[in-house]
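Enquirer: Below are the sequence and a predicted model for it; my questions follow.
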Amino acid sequence: MMPAGFWLGDKPLVLASGSSARRALLEACGLPLEIIKSHVNEKAIAATLLESRHSPSEIAIALAHAKAEAVALKHPRRLVLAADQTLDLEGSLFMKQIGRASCRGREEISVVAVSLKK
């Protein structure tokens with residue numbers, strides 16, 4: 001638990017995510033949160049980047065930035081945190097988690113990207 005007075009902002013941190021895991025992690029740190037989903041079309045962004053031969057890590061970074069930017073534009077002067085996660089399984093992009101059994105014996109790289117905007 002963070003000491004009293006840890007958060008110095010006059011408004012809570014905006015989490016641009018509907019992820020219950022991200023919310024729980026930040027709340028466990030003692031951060032006051034306001035959840036505002038970005039509603040960006042992640043599949044369309046990822047598809048465009050895949051066509052341009054971007055890596056799964058570059059796609060995770062771009063998605064995190066897109067979500068943070070979308071929410072920050074609607075909520076100026078607020079601190080907005082967004083994140084995205086991708087999995088590179090032997091060169092194939094997975095946007096959502098897949099079972100560990102599917103990965104067994106194969107090279108996998110999990111990428112987590114975070115973007116903070118104000």
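Expert: Sure, I can see it.
Enquirer: what's across from the residue nearest in space to the middle of the chain in the sheet?
Expert: The C-alpha lying nearest the average C-alpha coordinate of the chain belongs to residue 83 (CA atoms, centre = their mean; 1.4 Å). Residue 83 has these beta-bridge partners by DSSP bridges: residue 114.
Enquirer: Identify the residues contacting it.
Expert: The contact partners of residue 83, by CB atoms under 8 Å, 6 or more residues apart in numbering, come to 17, 19, 22, 64, 67, 112, 113, 114, 115. Every C-beta, even on glycine, is put in place using the N, C-alpha and C of the backbone.
Enquirer: Looking at the residues you listed, which is nearest residue 93?
Expert: Residue 93 has its nearest neighbour among the contacts of residue 83 in residue 113, at 13.4 Å by CB to CB.
Enquirer: Report whether the expected contact of that closest one with residue 60 is present.
Expert: Yes - assessed by CB atoms under 8 Å, residue 113 is found in contact with residue 60 at 4.0 Å.
Enquirer: quick one: common contacting residues for these two?
Expert: Between them, residue 113 and residue 60 share these contacting residues under CB under 8 Å, 6+ apart: 84, 85.
Enquirer: Just to check, residue 112 is in contact with residue 57?
Expert: No - here residue 112 does not reach residue 57: they are 9.5 Å apart, not a contact under CB under 8 Å.
Enquirer: Between the two, tell me which one has more neighbours.
Expert: For residue 112 versus residue 57, neighbours defined as other CB atoms under 10 Å are more numerous around residue 57 (15 against 12).
Enquirer: Dump the contacts of residue 83 into a markdown table; add distance to residue 9 and pLDDT as well.
Expert: Formatted as a markdown table, these follow (distance: CB to CB, whole Å; pLDDT from 0 to 100):
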| residue | distance to residue 9 | pLDDT |
| --- | --- | --- |
| 17 | 18 | 89 |
| 19 | 21 | 88 |
| 22 | 18 | 90 |
| 64 | 21 | 94 |
| 67 | 20 | 95 |
| 112 | 24 | 80 |
| 113 | 23 | 83 |
| 114 | 18 | 87 |
| 115 | 18 | 85 |
